[in-house]
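1. predicted model, plus sequence, below.
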Amino acid sequence: MPNLSAPPPEVEIARRFHEIYEEAAPRFGWETQAASRVPFHELPDKQRELMIYVAGKVLNEMKNHLRRSLEVELNRLKAASLEARRMGDVA
């Protein structure tokens, strides 16, 4: 059963991206803007909304890719099963 009090996945992805980005930036010689060096919930509304939107788009693209990959694999397995039955290998 899903946790109804948990934030939507796109919010969690955006939050973690923000946290990891801010943490990793100095290791790459990058200095982030002072306004963004705050916890995710304290970011300016528009910046936070944009990050959530982008995370949602990426998540949907990944879901669609996974769905297509699973459909291809399922069709491959169905075809193999039908071929095996046709050849008498499976009762």
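-> It's in.

2. so which residues of this structure form helices?
-> Listed from the start of the chain, the chain has helices (DSSP state H) covering 9-24, 45-87.

3. which of those sits most buried?
-> The densest packing among the helices of the chain, expressed as mean neighbour count by mean count of other C-beta atoms under 10 Å, is seen in helix 9-24 with a mean of 15. C-beta coordinates here come from the backbone N, C-alpha and C atoms, glycine included.

4. just to revisit the earlier point, so which of the helices of the chain is nearest Val38?
-> Checking the helices of the chain against Val38 by C-beta to C-beta gives helix 9-24 as the closest, at 8.8 Å.

5. what sits against the residue nearest the centre of the chain?
-> Averaging the C-alpha coordinates of the chain gives a centre point, and the residue nearest to it by C-alpha atoms, centre = their mean is Leu59 (3.7 Å). For Leu59, the contact set (C-beta atoms under 8 Å, 6 or more residues apart in numbering) comprises 9-10, 13.

6. on that earlier part again, can I get the helices of the chain in TSV with distance to Pro39 and mean pLDDT?
-> TSV is the format used below for the helices of the chain (distance: least, C-beta to C-beta, whole Å; pLDDT from 0 to 100):
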stretch	distance to Pro39	mean pLDDT
helix 9-24	8	96
helix 45-87	10	95
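
7. to Trp30, which of those helices lies closest?
-> Across the helices of the chain, Trp30 has its closest neighbour in helix 9-24 (8.4 Å, C-beta to C-beta).

8. so what does that closest one touch, helix or strand wise?
-> Based on contacts counted as 3 or more C-beta pairs under 8 Å, 6 or more residues apart in numbering; DSSP states H and E, the elements that helix 9-24 packs against are helix 45-87.

9. quick one: the helix it packs on to helix 9-24, angle?
-> 120 degrees (axes from the mean of the first three to the mean of the last three C-alpha atoms, to 10 degrees).

10. just how off-centre is helix 45-87 within its chain?
-> Between the centre of helix 45-87 and the centre of its chain there are 11 Å (C-alpha atoms, centre = their mean, to the nearest Å).

11. all further residue positions should be reported with the first residue as 197.
-> Okay, using 197 as the starting number, the last item reads as helix 241-283.

12. wait, isn't Val207 in contact with Ile248?
-> Yes. Checked against C-beta atoms under 8 Å, the pair Val207 and Ile248 is within contact range at 5.5 Å.

13. I am finished for the moment; much appreciated.
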